[in-house]
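1. The sequence and its predicted three-dimensional model are supplied below.
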Amino acid sequence: MENEVHSPHKDNTASIENSHSETKELEVTFTSQQQPQISSHKPKSKFVATASLCLISAVIGGLTTVAAVPYLYPAKTLSPIQTSNSSFAQVANLTATQPNFPVEQIAKDLGPAVVGVSNFQSSQSYFGSSSDLQEAGSGSGFIIDALKGYIVTNNHVIDGAQKITVSLSDGRNLVAKVIGADPRTDLAVLQIADTKNLTAVKLGDSSKLEVGEPVVAIGNPGGNDFARSVTTGVVSATNRTLDIQGEASFNLIQTDAAINPGNSGGPLVDYQGLVIGINSAKYAEQGFEGMGFSIPISDAMPTIQQLIASGVAKHPALLVSTDDQYNTYAQSNNKPLGAYIAAVTANGPAAKAGIVKGDVITKLNNVPIQNSSDLIHELYKYNVGSTVTLTYNRNGQTNQVQATLGEISSNQ
């Protein structure tokens with residue numbers, strides 16, 4: 001599939017789209033808790049910082065490949081959503097004077113806010129007729145607004161669902177509706193109608209995380225039989241980049257807290273009991289342990305807020321398609337690495353800037369671009385309407401142009 005810059009989704013309107021599955025050393029696939037009667041596509045991808053290892057996305061609760069390219073905002077303190085009846089809160093500016101809570105207290109406080117999410121789809125019998133809805137996969141989520149019943153999870157957890165149910169810590173099993181879902185960021189917001197005695201999480205500031213900081217992961221590995229399992233670890237690294245649809249543009253948090261199939265969409269929590277990440281992927285090559293990845297909550301919040309406000313998330317777009325198979329050719333023929341332009345949408349931002357098929361984008365605002373993921377990663381640091389400088393190679397000549405970023409929404 002082509003790699004699209006506004007999103008690596010297969011959508012033809014995407015700004016960078018991976019249209020060919022190049023030979024990759026790393027395999028990325030959703031490791032959601034899935035039922036055998038429903039098949040799921042397992043995409044192949046590349047862990048940018050590592051060659052020759054197999055990476056399995058624990059986009060850990062989902063069913064099928066998702067294409068998601070998030071807004072990556074510069075690190076900043078986010079404000080609470082200001083509504084008169086909302087319990088949704090953003091906690092920031094933590095200081096060293098604030099006490100750390102023991103893990104048992106974190107589990108006690110946060111456990112009731114973590115939910116199981118089940119994805120039901122119709123299955124096909126051997127004779128081709130549809131049968132009743134059956135659970136196709138499951139994941140996790142967490143309550144972000146107790147008064148309105150809003151729940152955050154991963155898009156791949158609910159992708160393709162004909163019915164979604166949410167299991168609560170008090171034993172209730174409720175039907176949920178989708179408020180908004182964005183495959184380009186692998187984020188989704190659900191809502192349940194029965195808001196009696198709900199507990200919501202509090203959100204931290206993931207931009208302040210430090211390597212070595214202790215964290216707790218809570219989720220439903222293996223489904224509801226292991227609901228609200230608690231694992232502990234540390235922040236192993238920050239600013240990790242994975243070429244996984246949905247996480248490709250996030251600077252991910254790496255943690256050694258155990259993350260397993262079914263944890264997708266669950267919270268990563270610091271020792272102040274604040275959510276600082278959304279557990280999304282794991283490295284599952286045999287012999288490797290303790291390599292899980294989470295979407296930083298501060299980077300995810302702009303999209304979550306858009307989904308809550310309007311049900312739709314909008315993203316900046318160049319409206320070009322790229323083909324990373326070019327890089328294999330480039331390495332063998334001493335050509336510059338970059339994002340090879342396979343197609344340009346007429347009258348789109350790149351077309352208006354003079355970019356044509358065959359150009360190779362090598363820099364965005366002087367930041368080196370070596371592949372489509374790099375282009376996506378840099379592009380989504382900006383907003384719709386921002387002007388960026390593209391450096392590109394055409395027929396051996398290096399050129400520069402300015403492009404004003406367009407817009408594409410999650411429902412396109």
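-> Received the coordinates, thanks.

2. all strands of the stretch 301-412 of the chain, in order?
-> Counting by DSSP state E, counting those that start in this stretch, the segments of the stretch 301-412 of the chain that form strands are 314-317, 320-322, 339-344, 360-364, 367-368, 387-394, 397-404, 406-409.

3. Deepest-packed of those, please.
-> Relative to the other members of the strands of the stretch 301-412 of the chain, strand 320-322 carries the highest mean neighbour count by mean count of other C-beta atoms under 10 Å, namely a mean of 30. Glycine gets a C-beta too; all of them are placed from N, C-alpha and C.

4. If you count contacts, what does it end up packed against?
-> Under the contact definition 3 or more C-beta pairs under 8 Å, 6 or more residues apart in numbering; DSSP states H and E, strand 320-322 sits against strand 3-4, strand 339-344.

5. In terms of mean pLDDT, which of those ranks lowest?
-> Note on the helices and strands packed on strand 320-322: strand 3-4 shows the lowest mean pLDDT, a mean of 46.

6. Where does pLDDT dip in this protein?
-> In the prediction, the chain carries residues with pLDDT under 70 at positions 1-99, 124-131, 248-249, 412.

7. The helices and strands packed on strand 320-322: which one's closest to Gly204?
-> Among those, strand 3-4 comes nearest to Gly204, with 31.7 Å by C-beta to C-beta.

8. So Ser138: helix, strand or coil?
-> Taken by DSSP: H, G, I helix; E, B strand; the rest coil, the conformation at Ser138 corresponds to strand.

9. Which positions within the longest helix belonging to the chain qualify as buried?
-> Here the longest helix in the chain is taken by residue count, with DSSP state H as the criterion, and it is helix 297-310. Applying a neighbour-count criterion of 16 or more other C-beta atoms under 10 Å, one finds 297-304, 306-308 buried in helix 297-310.

10. Could you export those residues as JSON lines, including distance to Ser207?
-> Converted to JSON lines, the buried residues of helix 297-310 look like this (distance: C-beta to C-beta, whole Å):
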{"residue": "Ile297", "distance to Ser207": "10"}
{"residue": "Ser298", "distance to Ser207": "5"}
{"residue": "Asp299", "distance to Ser207": "8"}
{"residue": "Ala300", "distance to Ser207": "12"}
{"residue": "Met301", "distance to Ser207": "11"}
{"residue": "Pro302", "distance to Ser207": "13"}
{"residue": "Thr303", "distance to Ser207": "16"}
{"residue": "Ile304", "distance to Ser207": "16"}
{"residue": "Gln306", "distance to Ser207": "19"}
{"residue": "Leu307", "distance to Ser207": "21"}
{"residue": "Ile308", "distance to Ser207": "21"}
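
11. which among the residues you listed gets closest to Phe226?
-> Distance ranking of those against Phe226, using C-beta to C-beta, places Ile297 first at 23.8 Å.

12. Show the contacting residues for that closest one.
-> Listed by C-beta atoms under 8 Å, 6 or more residues apart in numbering, the contact partners of Ile297 are 203-204, 206, 275-278.

13. about what we covered before: mind putting the helices and strands packed on strand 320-322 in a markdown table, distance to Leu375 included?
-> A markdown table is the format used below for these (distance: least, C-beta to C-beta, whole Å):
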| stretch | distance to Leu375 |
| --- | --- |
| strand 3-4 | 8 |
| strand 339-344 | 4 |
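
14. Out of those, which is closest to Leu242?
-> Short answer: strand 3-4, nearest of these by C-beta to C-beta, at 13.9 Å.

15. picking up where we left off before, mind putting the strands of the stretch 301-412 of the chain in CSV, distance to Leu379 included?
-> Formatted as CSV, the entries for the strands of the stretch 301-412 of the chain read as follows, by distance: least, C-beta to C-beta, whole Å:
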stretch, distance to Leu379
strand 314-317, 6
strand 320-322, 10
strand 339-344, 10
strand 360-364, 7
strand 367-368, 10
strand 387-394, 7
strand 397-404, 10
strand 406-409, 11
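
16. closest to Ala181 out of the ones you listed?
-> Across those, the minimum distance to Ala181, taken as C-beta to C-beta, is reached by strand 406-409, at 11.8 Å.

17. Dump the closest one to CSV, keeping only the CA atoms.
-> What follows is strand 406-409 as a C-alpha-only set of coordinates in CSV (Å, rounded to 0.1, in the frame of the first residue of the first chain):
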residue,chain,number,x,y,z
GLY,A,406,-3.9,21.5,3.3
GLU,A,407,-6.5,19.6,5.3
ILE,A,408,-7.9,16.1,5.4
SER,A,409,-10.3,14.8,8.0
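
18. who wins for proximity to Thr199 among the helices and strands packed on strand 320-322?
-> Taking C-beta to C-beta as the criterion, Thr199 comes closest to strand 3-4 out of the helices and strands packed on strand 320-322, the separation being 38.7 Å.

19. May I have the secondary structure class of Gly246?
-> Secondary structure assignment for Gly246 (three-state DSSP): coil.

20. Could you find the closest non-adjacent residue to it?
-> Asp186 (2.7 Å; C-beta to C-beta, 6 or more residues apart in numbering).

21. what number of residues lie near the one you found?
-> The number of residues packed around Asp186, counting by other C-beta atoms under 10 Å, is 36.

22. my guess is it contacts Ile295, does it?
-> Yes - taking contact to mean C-beta atoms under 8 Å, the distance of 7.5 Å between Asp186 and Ile295 places them in contact.

23. per the record, what domains does this protein have?
-> Segmentation of the chain into domains, based on the TED database, reads 105-124+132-192, 213-312, 316-409.

24. Reformat these as JSON lines; add distance to Leu198.
-> As requested, the domains of the chain are arranged in JSON lines below (distance: least, C-beta to C-beta, whole Å):
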{"stretch": "domain 105-124+132-192", "distance to Leu198": "4"}
{"stretch": "domain 213-312", "distance to Leu198": "15"}
{"stretch": "domain 316-409", "distance to Leu198": "30"}
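
25. Out of these, the one nearest Thr199 is which?
-> domain 105-124+132-192 (4.1 Å).

26. What distance separates the opening and closing residues of that closest one?
-> From its first residue to its last, domain 105-124+132-192 covers 26 Å (C-alpha to C-alpha, to the nearest Å).

27. Could you give the backbone dihedrals for Gly160?
-> With angles defined as degrees, to the nearest 10, Gly160 sits at phi 80, psi 10.

28. my read: it touches Gln121, true?
-> Yes - counting by C-beta under 8 Å, Gly160 touches Gln121, with 6.0 Å between them.

29. Thanks again, I'm all set now.
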